[in-house]
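>>> just to be clear, the model below is a prediction. Sequence and coordinates:
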Amino acid sequence: MSGVELRNVTKAFGKAVAVRNLDLAVGKGEFLALLGPSGCGKTTTLRMIAGFTRPDSGEILIDGQPVSSLSVRERRVGIVFQSYALFPNMTAFENIAFGLRVRRMPEEEVRRRVFRLLEMVGLEDKANASCRQLSGGQQQRVALARALAIEPRVLLLDEPLSALDAKVRNSLRFEIKKIQRESGITTIYVTHDQEEALSISDRVAVMRYGQIEQAGTPWEVYSNPSSLFVADFVGVSNFLDVEVKAGGAVFWNDRPLDVEGAGSLAPGPWRLVIRPERLLPVPKDAQGQNILEGTVAGRVFLGPIQRVALDVGKERILVDLLNTEKGHLSPGEPLRVSFSPGDGRLIHRS
Ligand code: ATP
């Protein structure tokens, strides 16, 4: 049984179709990231699961139960938004206790549960702090604890970290992941940040134009993108326009390349996708088919790596080098790189 399932769900606002015939199953206890560019329908999908927005057609199930006739509260979903949406005049304790008191939980049980949650999100000492006095990161911890207080069947997070600075964002990411793993709550996390999606989730669903373009583990989506859109949106890619000939020979501007799987493809125009880190430097005298020789056009320093723009003939490609590999590459220097046949992925040019 799935924790959340959407069956052929469509939602339009006037002429704009926000979500189109969407099918999605999230396993019970799974952490799924919904990733995609602005306007692709992520928030609308989340709001339909929560019960804030009614689908035009299709069905939504939580733990196998159709929920279209249930209110937001009856669905028992915990929600965390980008803006903390806390009651500013209340303390952290009162914010977390709010939903429990609305449900008329005995006060002793409320206290026990709220203190357990405060501890879980690392705010034991802030129980009596007014939310106004808390930092953005702390407020988002309170929002997370508040969402978890009702012991939701599903946790829905909509860009919960995007208003925070990079350091806080990184540490909260790990904490959300840890809390989710420990609590085992089915979780859907909306983000347009691919690094966040890859680092936090069990599975990533890449959305485009209201549909799922590809769903898979972070590794699958990154290493084996099913479309040019996914290859471009998730991570950095080189796209080489190649010609595949009958029998699997591949040519890039008349240069033969050896690419795994080309033999089973229809001859014609294809695009070869290679991640910059899969292009490895080779010595001057190295021989082989997939050696690309070029001139450094520029480089940017990215901490652990340097990203080199390499001009190969009239084309420019990006190469990521570990900073231990080539310390002082300057524009104009020659560089030879190579990739193994399994490291390029061919996607049809359409
Ligand atoms: P973002 O990352 O920018 O939040 P998103 O992927 O979450 O984008 P949605 O907010 O779901 O996308 O919006 C999908 C489409 O539906 C957009 O074209 C948006 O303009 C439209 N839309 C969303 N909500 C409404 C609304 N209440 N009224 C009219 N149009 C809407």
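Great, that's in hand.

>>> contacts for the helix or strand containing Asn170, please.
Per DSSP states H and E: Asn170 is located in helix 166-183. When contacts are defined by C-beta atoms under 8 Å, 6 or more residues apart in numbering, helix 166-183 is touched by residues 31, 120-122, 135-137, 140-141, 144, 148, 155, 157, 160-162, 164, 187, 189, 196, 199-200. Heads up, the C-betas are built off the backbone N, CA and C, glycines and all.

>>> repeat that with 7 Å
Residues outside helix 166-183 that contact it (C-beta atoms under 7 Å, 6 or more residues apart in numbering) are Phe31, Met120, Gly137, Gln140, Leu144, Leu148, Leu161, Leu164, Thr187, Glu196, Ser199, Ile200.

>>> stretch 51-68 now?
1, 3-12, 44, 47-49, 70-72, 75, 153-154.

>>> near the ligand, anything from that stretch?
No - using C-beta under 6 Å from any ligand atom, we find that stretch 51-68 stays clear of the ligand, coming within 7.6 Å at best.

>>> buried residues in that stretch?
Gly51, Thr53, Pro55, Gly58, Ile60, Leu61, Ile62, Val67 (16 or more other C-beta atoms under 10 Å).

>>> from Glu5, how far off is Asp125?
Asp125 is 41 Å from Glu5, where distance means C-beta to C-beta, to the nearest Å.

>>> more neighbours: the two, which one.
Glu5 (20 against 9; other C-beta atoms under 10 Å).

>>> give the next helix or strand downstream of the helix or strand where that one lies.
If you go by DSSP H and E, Glu5 is part of strand 2-13. Next in sequence after strand 2-13, counting helices and strands by DSSP H and E, comes strand 16-27.

>>> what's that next one in contact with?
If you take C-beta under 7 Å, 6+ apart as the criterion, strand 16-27 is touched by 2-12, 32, 41, 44-45, 186, 188, 205, 209-212.

>>> ok and that strand relative to strand 2-13, angle-wise?
Interaxial angle of strand 16-27 relative to strand 2-13 (axes from the mean of the first three to the mean of the last three C-alpha atoms, to 10 degrees): 180 degrees.

>>> in the stretch 101-250 of the chain, which residue sits nearest the ligand?
The stretch 101-250 of the chain approaches the ligand most closely through His192 (4.9 Å), counting by C-beta to the nearest ligand atom.

>>> what's that residue sitting at in phi/psi?
For His192, the backbone dihedrals (degrees, to the nearest 10) come out as phi -110, psi 10.

>>> all further residue positions should be reported with the first residue as 5.
All set: I'll call the first residue 5, so the last point we hit is now His196.

>>> before we move on, the earlier item: list the strands paired with the helix or strand that the helix holding Asn174 is followed by, with their directions.
Per DSSP H and E, the first helix or strand lying C-terminal to helix 170-187 is strand 190-195. With DSSP bridges as the test, strand 190-195 is paired with strand 35-39 (parallel), strand 158-162 (parallel).

>>> near the closest residue to Ser205 other than its chain neighbours, how many other residues are there?
Nearest residue to Ser205, sequence neighbours excluded (C-beta to C-beta, 6 or more residues apart in numbering): Ala37, at 3.7 Å. A count of nearby residues for Ala37, using other C-beta under 10 Å, gives 28.

>>> what about Ala37, distance to Ser203?
Counting by C-beta to C-beta, the gap from Ala37 to Ser203 is 9 Å.

>>> cool, and Asn242?
Asn242 is 23 Å from Ser203, by C-beta to C-beta.

>>> between those two, which one's more packed in?
Neighbours per residue (other C-beta under 10 Å) separate Asn242 from Ser203, with Asn242 holding more: 22 against 14.

>>> fine by me, we can end here.
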